[in-house]
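*Asks:* model this:
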Amino acid sequence: MVAAVVLVPMLFTAIALLPELTVAVPSNNDDATHFLLIQRASDALANGENVLDHWVPQLELGFPWFIYYQPLPALVVVFLHRALFGLVDLLTVFNVVRYVLLVGLPLTVFWSLRRMGVAAAGAAMAAAASPLLSGDFRYGFDYDSYIWRGFGMYTQLAAMHLSFVTVAIAWSSLRSKKRSGIVWLALALAALVLTHLIYAYMMAITLGVIALVGAESRADIPRRLARLALAGVPAALLSAWLWLPFIAQPAFLGASPYLQTEKYDSYGAAAIVGWLVTGDLMDHGRLPVITALVALGVAAAVVLRRTSLARTALAIGVGTYRHPFPADGLRSALTPLAVSGPPALADSTLAAAVQARPGWATLYELRANAQLRGLRCEDAATQFLVLLQFGIEVADAPQRLQRCRQGETG
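*Replies:* Reported below is the predicted structural model:
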């Protein structure tokens with residue numbers, strides 16, 4: 001019965017998504033770029049180049065993409081293609097890997113939950129529900145993020161599986177005293193970093209929660225933190241060739257001002273909570289079935305919070321929804337600094353904040369408005385020029401600067 005609960009949804013998904021594998025239609029989303037990277041990595045390997053550091057001439061005027069972008073999902077396809085001795089063409093191998101990842105999510109969820117000690121029936125129900133998310137193209141775990149009609153985010157598809165696996169390995173490793181657990185956790189963390197940097201960042205926060213909240217007693221927390229550090233350090237060293245240039249050379253990483261601000265700055269607390277309450281976050285366009293099941297799970301975790309697993313699940317769930325919200329408060333806190341703060345402090349702080357979150361560039365307009373009111377016309381002109389660098393043109397800026405130079409405020 002348990003096997004049927006897991007396998008029936010997989011069979012349905014396998015049939016529904018079969019065109020992803022059988023219909024030879026060019027990708028119209030990120031999968032086209034991912035396949036370009038796979039092709040270039042395959043060529044690099046064939047030509048004796050460094051498969052981790054090669055030139056991608058098709059991008060702009062050329063760019064060493066794998067220096068700044070997670071390469072592991074692409075390399076898996078390349079090495080599978082080599083393992084098959086080229087008998088299957090590269091595009092077919094890529095599509096097969098995508099298809100297996102799309103169909104196999106319930107198995108990953110079931111295995112992960114069972115490893116964490118969840119009963120077989122509960123793990124099976126969660127696995128069966130895992131393909132049913134509907135999020136209205138908001139880059140979540142629903143299929144719209146991955147399939148042909150959606151965004152084709154191949155690296156996130158791989159990271160979705162690795163995230164479940166890493167949480168499960170971390171849960172068992174931190175509870176265990178075996179050295180092998182540390183090794184497996186280090187390998188899982190390194191693989192996640194090389195698969196998706198953003199998901200690795202989120203996983204680091206999640207593992208901190210697991211180490212602290214999942215402890216059976218306060219006395220056990222130092223041991224768990226030590227094991228996490230022993231796994232985290234080698235994982236960081238194994239993947240340093242990727243994340244270190246990413247952090248140390250931000251000048252070569254362009255953040256287009258024309259991308260939607262939510263990609264840098266979240267949708268915000270009001271929108272996310274609203275979608276959650278109305279059911280639109282996980283059940284867009286239908287009755288809020290998954291939302292109701294999540295609410296039931298939260299209630300059960302509250303009742304059973306004395307158990308470490310329920311307590312940890314509750315903490316991770318709350319943290320997942322709370323994580324984007326500090327941006328709202330921080331942006332509000334920066335507003336008075338932008339409007340009336342000391343010039344040198346305001347300029348340096350806003351520059352750092354906007355570099356981290358380009359969506360906050362509108363803070364410069366608030367600063368320009370304050371400077372116009374204070375008849376600091378040239379300073380206001382500087383802020384308008386900064387806004388132009390972010391693709392934000394204030395239509396009436398010339399007229400307002402002219403009025404300022406004539407001695408009029410506002």
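
*Asks:* tell me the domain boundaries of the chain?
*Replies:* Per automatic domain parsing, the structural domains of the chain span 2-102, 108-141+152-253+264-322, 326-405.

*Asks:* Adding mean pLDDT and mean neighbour count, write the ones you listed out as a markdown table.
*Replies:* To be clear about C-beta, it is placed using only N, CA and C from the backbone, and glycine gets the same treatment. Below are the domains of the chain laid out as a markdown table (pLDDT from 0 to 100; neighbours: other Cβ atoms under 10 Å):
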| stretch | mean pLDDT | mean neighbour count |
| --- | --- | --- |
| domain 2-102 | 93 | 16 |
| domain 108-141+152-253+264-322 | 90 | 17 |
| domain 326-405 | 71 | 16 |
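
*Asks:* in the stretch 51-200 of the chain, which spans are helices?
*Replies:* 65-68, 72-83, 90-103, 105-115, 120-129, 154-175, 179-195, 197-213 (DSSP state H, counting those that start in this stretch).

*Asks:* Please read the previous query as pertaining to the stretch 201-350 of the chain.
*Replies:* Along the stretch 201-350 of the chain, counting by DSSP H, counting those that start in this stretch, helices occupy 221-238, 240-248, 262-265, 269-278, 289-303, 308-322, 326-340, 343-356.

*Asks:* what's the angle between the first one and helix 179-195?
*Replies:* Angle between the axes of helix 221-238 and helix 179-195 is 50 degrees (criterion: axes from the mean of the first three to the mean of the last three Cα atoms, to 10 degrees).

*Asks:* quick one on the thing from earlier: make CSV from the helices of the stretch 51-200 of the chain and add distance to Gln399 to it.
*Replies:* Formatted as CSV, the helices of the stretch 51-200 of the chain follow (distance: least, Cβ to Cβ, whole Å):
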stretch, distance to Gln399
helix 65-68, 42
helix 72-83, 51
helix 90-103, 53
helix 105-115, 56
helix 120-129, 57
helix 154-175, 45
helix 179-195, 50
helix 197-213, 42
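
*Asks:* and the gap between Ala186 and Ala229?
*Replies:* Applying Cβ to Cβ, to the nearest Å, the value for Ala186 to Ala229 is 11 Å.

*Asks:* got it, and Ala301?
*Replies:* In terms of Cβ to Cβ, Ala301 sits 28 Å off from Ala229.

*Asks:* same question, Leu133
*Replies:* Relative to Ala229, Leu133 is positioned 34 Å away (Cβ to Cβ).

*Asks:* what's the answer for Ala128, then?
*Replies:* Counting by Cβ to Cβ, the separation of Ala128 from Ala229 is 37 Å.

*Asks:* Also Val76?
*Replies:* Remark: distance between Val76 and Ala229 (Cβ to Cβ) = 28 Å.

*Asks:* Pro398 too?
*Replies:* Distance of Pro398 to Ala229, computed by Cβ to Cβ: 56 Å.

*Asks:* what does Tyr69 give?
*Replies:* Here the criterion is Cβ to Cβ. By it, Tyr69 lies 27 Å from Ala229.

*Asks:* repeat for Cys404
*Replies:* From Cys404 over to Ala229 (counting by Cβ to Cβ), the distance is 55 Å.

*Asks:* just Val183 next, same as before
*Replies:* Separation of Val183 from Ala229 (Cβ to Cβ) stands at 14 Å.

*Asks:* can you check Leu293 too?
*Replies:* Leu293 is 36 Å from Ala229, by Cβ to Cβ.

*Asks:* Show the contacting residues for Ala129.
*Replies:* Applying Cβ atoms under 8 Å, 6 or more residues apart in numbering, one finds that Ala129 lies in contact with 290, 293.

*Asks:* just checking, Val25 is part of a strand?
*Replies:* No. Counting by DSSP: H, G, I helix; E, B strand; the rest coil, Val25 is located in no strand; its state is coil.

*Asks:* Nearest residue to it in space, please, no chain neighbours.
*Replies:* The spatial neighbour of Val25 that comes closest, neighbours along the chain excluded (Cβ to Cβ, 6 or more residues apart in numbering), is Trp148 at 6.8 Å.

*Asks:* What of Leu304?
*Replies:* Excluding the flanking residues, the one nearest Leu304 by Cβ to Cβ, 6+ apart is Ala310, at 4.0 Å.

*Asks:* Just to check, the one you found is in contact with Ala300?
*Replies:* Yes. Ala310 is within contact range of Ala300, at 7.1 Å (criterion: Cβ atoms under 8 Å).

*Asks:* Specify the local secondary structure of the closest residue to Cys377 other than its chain neighbours.
*Replies:* Using Cβ to Cβ, 6+ apart and skipping residues adjacent in sequence, the residue nearest Cys377 is Cys404, 4.1 Å away. Judged by three-state DSSP, the three-state class of Cys404 is helix.
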